[in-house]
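Trainee: 3D model of this:
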Amino acid sequence: MSSETKQDQSNNRRGFLKKIGLSVGAFAVAGVGTGTYFWRAGDEATANDQGDFEISRTPEEWKNILTENEYKVLREEQTERAYTSDLLEEKREGIYHCAGCDQAVYPSETKYDSGTGWPSFWAPVDEAAIGTKPDNKLFMTRTEVHCSRCGGHLGHIFDDGPKPTGKRHCLNGIALNFKAA
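Mentor: Numbering: from 1, shown residues only. Okay, the predicted model is just below:
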C-alpha cells in the first residue's frame, strides 16, 4: 500500500471520528437546553411498568395529577438537569416527600451539598420508605432509588457519600416536595 493511500485512509478515519464526536456533542448540548434529559433505554422497565405498590395508577391517571416534568422523572425515570432544583438551596429543618404520593422519604438531617447539582442525602427517613433496583441505562450498573409506596423514580444511590453510610442518594428535586418542620 502506498504512503498516499495510507494517508488518505488515516484522514478518512479521522474525519469520520470527528463527525461522530460532533454529532454526540450536538445531541448533548440539545439535551442541556431542554431543562430535562430525556434518556431512557427502550427495553428497561419504568415506574409505569411496575404494579406491586400500595398506590398504583394508570399512566393517564398519573398524567392528570403530575406536571409534565414530574411525570417524565417520576414515571418515565428521566433526569432533571443539574443545578435546576430550588431544593439545592433549602436549608430548613423538615422532611422531603415523594411528589407522586406524599410519602416521607428523606429527612433534612441527612441532606448535604455533594457538589453534583442534585439534592443529595446520606440516608432515607427509613429504609422501608424507598426501594432500589439495578439500572443499566448508561453503559454501567447504577442503583436506582424509588418511592416504596408508589414506585416513583427519585434518583440513584452511589458509594461516594459521607459517613456514617458512605452513600450518596442523588435525587431529582422535581421528584420531591419539602415540608418544613
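
Trainee: Okay, strands next: where are they in the protein?
Mentor: Remark: strands assigned in the chain by DSSP state E are 36-37, 79-80, 94-98, 104-107, 111-112, 120-121, 130-135, 142-147, 153-158, 168-171, 176-180.

Trainee: Measure how the third one sits relative to strand 153-158, angle-wise.
Mentor: Yep, that's strand 94-98 we're talking about. Inter-element angle recorded for strand 94-98 and strand 153-158: 110 degrees (by axes from the mean of the first three to the mean of the last three CA atoms, to 10 degrees).

Trainee: do the same with the last one
Mentor: With the same axes, to 10 degrees applied, the angle from strand 176-180 to strand 153-158 works out at 90 degrees.

Trainee: Using PDB, write out every CA atom in strand 176-180.
Mentor: Listed next in PDB are the C-alpha coordinates belonging to strand 176-180 (Å, rounded to 0.1, in the frame of the first residue of the first chain):
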ATOM      1  CA  LEU A 176     -39.600  15.700  46.000                       C
ATOM      2  CA  ASN A 177     -41.800  18.100  48.000                       C
ATOM      3  CA  PHE A 178     -40.200  19.700  51.000                       C
ATOM      4  CA  LYS A 179     -42.300  20.200  54.200                       C
ATOM      5  CA  ALA A 180     -40.700  22.400  56.800                       C
END
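
Trainee: Let's have the strands of the chain in a markdown table, adding mean pLDDT, mean neighbour count and distance to Asp86.
Mentor: For glycine as for every other residue, the C-beta is placed from the backbone atoms N, C-alpha and C. Below are these laid out as a markdown table (pLDDT from 0 to 100; neighbours: other CB atoms under 10 Å; distance: least, CB to CB, whole Å):
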| stretch | mean pLDDT | mean neighbour count | distance to Asp86 |
| --- | --- | --- | --- |
| strand 36-37 | 46 | 17 | 15 |
| strand 79-80 | 96 | 22 | 11 |
| strand 94-98 | 99 | 21 | 12 |
| strand 104-107 | 99 | 22 | 16 |
| strand 111-112 | 98 | 18 | 14 |
| strand 120-121 | 98 | 26 | 15 |
| strand 130-135 | 95 | 16 | 22 |
| strand 142-147 | 97 | 21 | 20 |
| strand 153-158 | 98 | 23 | 16 |
| strand 168-171 | 98 | 24 | 13 |
| strand 176-180 | 99 | 16 | 9 |
